[in-house]
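Colleague: with the sequence up front, the predicted model follows.
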Amino acid sequence: MEKLMIAGGYPLKGTVRISGAKNSAVALIPATILADSPVTIEGLPNISDVQILKGLLEELGGTVSFNESDMTVDPSSMISMPLPNGKVKKLRASYYLMGAMLGRFKKAVIGLPGGCHLGPRPIDQHIKGFEALGAKVTNEQGAIYLRADELIGARIYLDVVSVGATINIMLAAVRAKGRTIIENAAKEPEIIDVATLLTNMGAKIKGAGTDVIRIDGVDQLHGCQHTIIPDRIEAGTYMILGAAVGEGVLIDNVIPQHLESLIAKLREMGVKIEAGDDQVFVGPADQMKAVDIKTLVYPGFPTDLQQPITTLLTNAVGTSMVTDTIYSARFKHIDELRRMNGNIKVEGRTAIIHGPVKLQGAKVKATDLRAGAALVIAGLMAEGVTEVTGVEHIDRGYSHLVEKLNGLGATIWRENLTQEEQEQIKNA
Ligand SMILES: CC(=O)N[C@H]1[C@@H](OP(=O)(O)OP(=O)(O)OC[C@H]2O[C@@H](n3ccc(=O)[nH]c3=O)[C@H](O)[C@@H]2O)O[C@H](CO)[C@@H](O)[C@@H]1O
Ligand SMILES: C=C(OP(=O)(O)O)C(=O)O
């Protein structure tokens with residue numbers, strides 16, 4: 001087990017290249033199960049979620065090669081092996097194995113997913129969709145059993161706008177008989193990316209990126225080559241870092257339109273941003289102003305950037321209110337920021353941040369992926385040295401974080417946890 005050591009106070013300058021999107025990658029990889037010949041995905045991030053999914057496809061009998069960023073999956077010899085336990089518990093997106101395996105084999109057994117603990121994260125809308133397509137779904141001791149004689153297209157209205165349910169229903173419906181219509185679908189760019197891959201594989205999908213998606217099922221899907229979109233959340237994290245401690249940071253390989261809500265908020269705070277075709281330049285900030293933020297479904301402000309921007313707001317003048325409307329308990333980073341001298345309180349779903357304060361280095365714990373990102377930003381802003389444990393959460397979503405930050409002029413390194421620290425974590 002490792003921890004991150006961060007010496008604060010070094011200004012960041014230069015160019016950082018953004019990796020492929022985690023939330024696309026974790027759906028694109030299971031989607032390959034649906035093909036009858038090899039699929040190559042280019043530009044994947046080298047993160048633990050991707051490595052774990054690679055292992056899961058191998059457990060199913062697939063042949064997978066991965067060279068840092070390009071993955072080729074030959075799914076032709078896969079079988080519908082039950083995966084009730086083990087690796088599926090380590091990430092949220094293992095739920096996509098349900099839709100993909102149901103689509104191809106008409107049966108699957110998948111353990112309930114893991115992922116970040118952000119309050120309740122039910123999958124009732126995924127199950128509602130599978131049942132509407134004709135599957136029988138039961139939950140037996142923490143594993144979801146799915147079986148269908150055949151899948152038949154249906155009209156499915158999502159009661160909650162859900163990224164996962166939208167993609168999962170698409171995965172199952174592409175090989176169903178007839179037309180499926182998903183209403184009140186989520187509109188995130190990752191959904192369009194998955195629809196693009198499926199279309200390249202021979203699927204018939206219209207409307208991805210709008211709130212009504214139409215899918216006409218086909219009998220067979222074939223192999224293809226696909227390039228993933230850049231990670232808007234990783235890009236947003238580096239933009240926030242650029243605003244926090246930058247002296248001019250160029251974020252390369254980004255789709256600025258995916259980040260309009262963040263760009264608008266940073267500008268409102270007084271940060272200078274120049275957006276190009278596939279780059280965003282974040283200029284050195286003078287004194288930043290407090291702002292209010294409400295997380296919303298896309299194209300609103302992403303919940304996945306709520307924790308990182310909360311850290312930035314500790315340095316803004318005035319009182320900021322950050323409300324998370326998507327998750328009820330995405331504030332575990334706040335106690336840690338308080339340890340670092342943050343003046344923040346939480347009331348219900350709102351964090352109230354009084355600034356500016358000078359953050360101080362401390363020993364802190366990342367409880368989830370973006371809490372980890374928030375604490376890394378805090379460590380780079382702080383006076384003195386910050387130690388961040390819980391690095392395994394950060395490694396789920398940030399490809400080459402230490403190398404990218406050091407490339408920008410930060411001083412950050414990994415260290416093995418001492419025996420005593422390992423004991424403390426075990427007993428906590
Ligand atoms: C792997 C992946 O892509 N993860 C992202 C995905 O998570 P995930 O797909 O899990 O998030 P959803 O969009 O499904 O969840 C949105 C909201 O809907 C609720 N809900 C969801 C499904 C359901 O069946 N019932 C239900 O009530 C959730 O509890 C949550 O409050 O979108 C989230 C919202 O942008 C992001 O924070 C995650 O980074
Ligand atoms: C919540 C996140 O991930 P997951 O859904 O994979 O837990 C995230 O990426 O911020």
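Modeller: Thanks, I have the structure now. Numbering: from 1, shown residues only. Ligands and ions are numbered 1, 2, ... in the order given.
Colleague: and whichever residue of the stretch 101-250 of the chain sits closest to ligand 1, how far from residue 94?
Modeller: Scanning the stretch 101-250 of the chain for the residue nearest ligand 1 gives residue 164, at 2.7 Å (criterion: Cβ to the nearest ligand atom). Every C-beta, even on glycine, is put in place using the N, C-alpha and C of the backbone. For residue 164, the distance to residue 94 (Cβ to Cβ, to the nearest Å) stands at 11 Å.
Colleague: cool, residue 225 as well?
Modeller: Counting by Cβ to Cβ, the gap from residue 225 to residue 94 is 25 Å.
Colleague: what average pLDDT does the helix or strand harbouring the residue of the stretch 101-250 of the chain closest to ligand 1 get?
Modeller: Assessed by DSSP states H and E, residue 164 sits inside helix 163-173. Averaged over helix 163-173, pLDDT sits at 98.
Colleague: buried ones in that helix?
Modeller: 163, 164, 165, 166, 167, 168, 169, 170, 171, 172, 173 (16 or more other Cβ atoms under 10 Å).
Colleague: does ligand 1 sit close to the helix or strand that comes right after that helix?
Modeller: Next along the chain after helix 163-173, taking DSSP H and E as the criterion, comes strand 179-183. No - legend: contact between strand 179-183 and ligand 1 by Cβ under 6 Å from any ligand atom is lacking; minimum distance shown is 12.8 Å.
Colleague: elements contacting the helix or strand that comes right after strand 179-183?
Modeller: Once the chain leaves strand 179-183, the next helix or strand it forms, by DSSP H and E, is helix 189-200. When contacts are defined as 3 or more Cβ pairs under 8 Å, 6 or more residues apart in numbering; DSSP states H and E, helix 189-200 sits against helix 22-31, helix 163-173, strand 204-206, strand 225-227.
Colleague: Serialize these to JSON lines and add fields for distance to residue 71.
Modeller: Putting these into JSON lines (distance: least, Cβ to Cβ, whole Å) gives the following:
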{"stretch": "helix 22-31", "distance to residue 71": "7"}
{"stretch": "helix 163-173", "distance to residue 71": "17"}
{"stretch": "strand 204-206", "distance to residue 71": "22"}
{"stretch": "strand 225-227", "distance to residue 71": "10"}
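Colleague: tell me which of these sits nearest to residue 37.
Modeller: Each of those has some distance to residue 37 by Cβ to Cβ; the shortest is strand 225-227, at 11.7 Å.
Colleague: following the closest one, which helix or strand comes up?
Modeller: Next element after strand 225-227 (DSSP H and E): helix 232-245.
Colleague: quick one: average confidence on that next one?
Modeller: Helix 232-245 shows a mean pLDDT of 98.
Colleague: how about it, does it reach ligand 1?
Modeller: No - applying Cβ under 6 Å from any ligand atom, one finds helix 232-245 separated from ligand 1 by no less than 7.2 Å.
Colleague: quick one, that helix and helix 22-31 angle?
Modeller: Put simply, helix 232-245 runs at 160 degrees to helix 22-31, going by axes from the mean of the first three to the mean of the last three Cα atoms, to 10 degrees.
Colleague: following element in sequence after helix 232-245, please.
Modeller: That would be, after helix 232-245 and using DSSP H and E, strand 246-252.
Colleague: mind exporting that next one as PDB, just the C-alpha atoms?
Modeller: The C-alpha trace of strand 246-252 is given here as PDB (Å, rounded to 0.1, in the frame of the first residue of the first chain):
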ATOM      1  CA  GLY A 246      -0.900  27.700 -11.800                       C
ATOM      2  CA  GLU A 247       1.300  30.200 -13.600                       C
ATOM      3  CA  GLY A 248      -0.200  29.300 -17.000                       C
ATOM      4  CA  VAL A 249      -1.300  25.700 -17.600                       C
ATOM      5  CA  LEU A 250      -2.200  24.400 -21.000                       C
ATOM      6  CA  ILE A 251      -4.600  21.400 -20.900                       C
ATOM      7  CA  ASP A 252      -4.200  19.500 -24.100                       C
END
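Colleague: what residues does it touch?
Modeller: Applying Cβ atoms under 8 Å, 6 or more residues apart in numbering, the contact partners of strand 246-252 are 11-18, 235, 238-239, 241-242, 278-285, 408.
Colleague: in strands, which of those appear?
Modeller: Assigned to strands by DSSP state E, the following of these qualify: 12, 13, 14, 15, 16, 17, 279, 280, 281, 282.
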